[in-house]
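Enquirer: fold the following for me, if possible:
(one chain, ligands or ions: 2)
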Amino acid sequence: MGIQISPSLLASDFANLASEAARIGNADWLHVDVMDNHFVPNLTLGLPVVESLHRATQTPLDLHLMIEDPDRWAPAYVEAGAGSVTFHVEAATAPVRLARDLRAQGARAGMALRPATPVEPYEDLLPELDMLLVMTVEPGFGGQGFLDLCLPKIRRARRLLDAHGLDLWLQVDGGISEATIERCAEAGADTFVAGSAVFGADDPAAAIEGLRAAAAATWDATSREA
Ligand code: DX5
Ligand code: ZN
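Expert: Ligands and ions are numbered 1, 2, ... in the order given. Here you go, the predicted model:
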């Protein structure tokens with residue numbers, strides 16, 4: 001699939017979501033952060049907004065659920081129109097069943113790891129997934145500083161995927177900008193969420209192309225097939 005950019009709507013103007021989505025028509029996905037004030041100390045949006053967004057944009061929706069009990073709630077986001085649904089493994093009771101349910105509904109299944117959650121315990125689960133999200137900030141807020149301590153985990157995750165011949169997408173989210181994207185791409189990430197670096201730019205579409213070019217150049221330089 002190559003390098004993909006998924007701008008996070010969290011950094012956009014919530015009073016004008018449809019027109020904000022229209023500014024990033026060159027993105028591969030639109031990243032939608034659902035927060036429930038329990039799993040993370042912030043509250044954003046839920047199913048009705050996702051349903052409306054799905055009607056308002058052609059860009060596929062990349063749902064990032066920062067919520068308790070995703071086992072119960074995640075499937076409804078597929079019904080609401082999400083093309084990809086990512087749950088946090090720290091919150092899921094039965095991640096294998098949940099990933100299978102999401103795939104059976106026709107969506108891509110993603111699993112997210114907070115910065116302190118290691119990837120190794122989930123090695124055997126990886127074939128059940130379409131995407132692994134390695135958070136590069138503590139989830140909950142946009143505009144935080146990138147955590148360099150997450151880089152070794154991205155590298156280890158890439159090695160596991162390669163060792164098992166898996167074609168999962170490896171997504172990073174949090175503090176991704178032109179200043180940090182190359183480090184992530186070098187470590188093996190191929191799917192990049194960026195909130196403030198895209199919606200905070202004067203020209204979000206140009207910001208997306210800048211990020212894409214920086215990541216692609218790094219993949220080429222490290223002789224990976226992006
Ligand atoms: C944070 C969210 C991110 C956030 C990223 O918990 O999951 O998607 O919007 O924002 P930036 O790119 O500004 O760090
Ligand atoms: Zn996110």
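
Enquirer: can you tell me the SS state at whichever residue of the chain sits closest to ligand 2?
Expert: With CB to the ion, the shortest gap between the chain and ligand 2 falls at residue 64, namely 3.7 Å. Just so you know, the C-beta spots here come from the backbone N, C-alpha and C atoms, and that holds for glycine as well. At residue 64 the chain is in strand, as set by DSSP: H, G, I helix; E, B strand; the rest coil.

Enquirer: how many other residues sit next to it?
Expert: When neighbours are counted by other CB atoms under 10 Å, residue 64 registers 27.

Enquirer: which bits of this structure sit near ligand 1?
Expert: Contacts of the chain with ligand 1, taken as CB under 6 Å from any ligand atom, map to 8, 10-11, 31, 33, 64, 137, 139-144, 173-176, 193-197.

Enquirer: go ahead and confirm the residue of the chain closest to ligand 2 touches residue 33.
Expert: Yes. If you go by CB atoms under 8 Å, residue 64 and residue 33 touch, sitting 5.1 Å apart.

Enquirer: tell me which residues in the helix ranked longest in the chain are buried?
Expert: Longest helix in the chain, counting residues (DSSP state H): helix 204-221. Residues of helix 204-221 classed as buried by neighbour count (16 or more other CB atoms under 10 Å): 204, 207-208, 210-212, 214-215, 218-219.

Enquirer: do the same with stretch 83-95
Expert: Buried, per 16+ other CB under 10 Å, within stretch 83-95: 83-89, 91-92, 95.

Enquirer: and which of those is nearest residue 48?
Expert: Nearest to residue 48 out of the buried residues of stretch 83-95 is residue 85 (CB to CB; 16.4 Å).

Enquirer: doesn't that closest one belong to a strand?
Expert: Yes. Looking at residue 85 with three-state DSSP, it is inside a strand.

Enquirer: chain center to stretch 170-182: distance?
Expert: Its chain's average C-alpha position is 11 Å from that of stretch 170-182, according to CA atoms, centre = their mean, to the nearest Å.

Enquirer: can it be said to contact ligand 2?
Expert: Yes. Using CB under 5 Å from the ion, stretch 170-182 reaches ligand 2 at residue 173.

Enquirer: which of the residues in that stretch are buried?
Expert: Within stretch 170-182, the residues that count as buried by 16+ other CB under 10 Å are 170-177, 180-182.

Enquirer: would you list the residues you listed in JSON lines and tack on pLDDT and secondary structure?
Expert: Compiled in JSON lines, the buried residues of stretch 170-182 are given as follows (pLDDT from 0 to 100; DSSP: H, G, I helix; E, B strand; the rest coil):
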{"residue": "170", "pLDDT": "98", "secondary structure": "strand"}
{"residue": "171", "pLDDT": "98", "secondary structure": "strand"}
{"residue": "172", "pLDDT": "99", "secondary structure": "strand"}
{"residue": "173", "pLDDT": "99", "secondary structure": "strand"}
{"residue": "174", "pLDDT": "98", "secondary structure": "coil"}
{"residue": "175", "pLDDT": "98", "secondary structure": "coil"}
{"residue": "176", "pLDDT": "98", "secondary structure": "coil"}
{"residue": "177", "pLDDT": "98", "secondary structure": "coil"}
{"residue": "180", "pLDDT": "98", "secondary structure": "coil"}
{"residue": "181", "pLDDT": "98", "secondary structure": "helix"}
{"residue": "182", "pLDDT": "98", "secondary structure": "helix"}
